[in-house]
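K.L.:
Coordinates only, no sequence provided:
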């Protein structure tokens, strides 16, 4: 009987945890994200295969390592940078972005592996990232 009670207690401990506890309260932006889409209502520019190597790795210490790739005279070149990022009280993020520099804007998570960043000061412009 004691074994049954012990098994029930263990079972209850595991079922009491919700799936929300899995990320230990970590910010969902943490990790490495690659640029996959650029929406720009003011230009017909599209991302090139070279640009799509651009990525940002967000770390828990609120720093981010970025690699910005751009085609220069037929060569795919990159520039690396480390900068701070922050999640603001109003749910917006301040990030250093490929092609746009330091911006504060809205992050819309589209599942666990994609987010869209749009800047209110640049209506019609957004970047989509994927893990």
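P.N.:
On my side now, so go ahead. Note that the coordinates shown come from a computational prediction; the quantities given were computed from them, not determined experimentally. Numbers count the residues shown, from 1 in each chain.
K.L.:
Give me the most central residue, this structure.
P.N.:
Central residue of the chain (Cα atoms, centre = their mean): residue 29, 4.0 Å from the mean position.
K.L.:
Can you tell me, leaving aside adjacent residues, what's nearest to that one?
P.N.:
Spatial nearest neighbour of residue 29, excluding adjacent residues (Cβ to Cβ, 6 or more residues apart in numbering): residue 58 at 4.9 Å. The C-beta positions use only the backbone N, C-alpha and C, and glycine is treated the same way.
K.L.:
you'd agree the residue nearest to the centre of the chain is up against residue 93?
P.N.:
Yes. Counting by Cβ atoms under 8 Å, residue 29 does reach residue 93; the two are 6.8 Å apart.
K.L.:
Give me the common contacts of these two.
P.N.:
Shared contacts of residue 29 and residue 93, defined by Cβ atoms under 8 Å, 6 or more residues apart in numbering, are found at 85, 87, 107.
K.L.:
okay, now residue 28: neighbour count?
P.N.:
Applying other Cβ atoms under 10 Å, we find 12 other residues in the vicinity of residue 28.
K.L.:
Please apply the same query to residue 64.
P.N.:
Residue 64 has 21 neighbouring residues, counting by other Cβ under 10 Å.
K.L.:
Check residue 75 too.
P.N.:
8.
K.L.:
where are the low-confidence patches of this protein?
P.N.:
1-24, 99 (pLDDT under 70).
K.L.:
What segments of it are strands?
P.N.:
For the chain, strands defined by DSSP state E occupy the ranges 31-40, 55-58, 63-72, 75-84, 86-87, 93-97, 101-109, 114-118, 125-130.
K.L.:
Direction included, what does the first one pair against?
P.N.:
The reference is to strand 31-40. When pairing is defined by DSSP bridges, strand 31-40 lines up against strand 55-58 (antiparallel), strand 125-130 (antiparallel).
K.L.:
Can I get these in JSON lines including distance to residue 42?
P.N.:
Below are the strands paired with strand 31-40 laid out as JSON lines (distance: least, Cβ to Cβ, whole Å):
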{"stretch": "strand 55-58", "distance to residue 42": "23"}
{"stretch": "strand 125-130", "distance to residue 42": "7"}
